[in-house]
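S.K.: Compute the structure for the input listed below.
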Amino acid sequence: MRFVLASAVGFAVGYPLGQTIQANMVGDWALNWVWGYGAALATFGLCLGLPQWWILRRHVLRAWLWILISVMGWMLTGVAWIVGRAGDGLDSIVYGIVTGLGLVWLVRSRRPDEPGDGLERVL
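M.R.: Now for the predicted structure:
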């Protein structure tokens, strides 16, 4: 439950912050939308990944990698959204694959003082 709550708080902060960053980066230069979109996605990933890391760090080794996985998941989701068709779900599939595999990999590398495989403690 703490992981879900941390996710909700991170997204509630990150989404408006990312949208604000993107809006401020749009200008006359044609590639500004790419930088603005990329900065917004990185902000989403950071704001979502940081509070989730706060929970994960107590249960898994190298939990800091979750922040990178979260940002990478959002960035690849953005690429999938650009190359896919609107509403085809490709972006959601990409995000689920990247972050899902990353989370399973991290949780399986439990801390030495944790019993079991770690999944029951985090999820």
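S.K.: Low-confidence ranges, this structure, go.
M.R.: 26-31, 86-87, 110-123 (pLDDT under 70).
S.K.: which one is the residue positioned nearest the centre of the chain nearest to, not counting chain neighbours?
M.R.: By C-alpha atoms, centre = their mean, the chain has its centre lying nearest to residue 70, at 2.7 Å. In this structure, residue 70 finds its nearest non-sequential neighbour in residue 49, 3.0 Å apart by C-beta to C-beta, 6 or more residues apart in numbering. Bear in mind the C-beta positions are built from the backbone N, C-alpha and C, glycine included.
S.K.: Same question for residue 6.
M.R.: Per C-beta to C-beta, 6+ apart, closest to residue 6 is residue 51, 3.8 Å.
S.K.: can you pull the contacts of that neighbour?
M.R.: By C-beta atoms under 8 Å, 6 or more residues apart in numbering, the contact list for residue 51 reads 6, 7, 9, 10.
S.K.: picking up where we left off before, for the residue nearest to residue 70, pull up the helix or strand it's in.
M.R.: helix 32-56 (DSSP states H and E).
S.K.: What residues sit buried inside that helix?
M.R.: Neighbour counts using 16 or more other C-beta atoms under 10 Å place 36-38, 40-53, 55-56 of helix 32-56 among the buried residues.
S.K.: following it, which helix or strand shows up next?
M.R.: Next along from helix 32-56, by DSSP H and E: helix 65-83.
S.K.: and that following helix with helix 32-56, angle?
M.R.: Counting by axes from the mean of the first three to the mean of the last three C-alpha atoms, to 10 degrees, helix 65-83 lies at 150 degrees to helix 32-56.
S.K.: In terms of secondary structure, what does the helix or strand just after helix 65-83 contact?
M.R.: With elements assigned by DSSP H and E, the helix or strand that comes after helix 65-83 is helix 90-108. Secondary-structure packing of helix 90-108 (3 or more C-beta pairs under 8 Å, 6 or more residues apart in numbering; DSSP states H and E): helix 65-83, helix 119-122.
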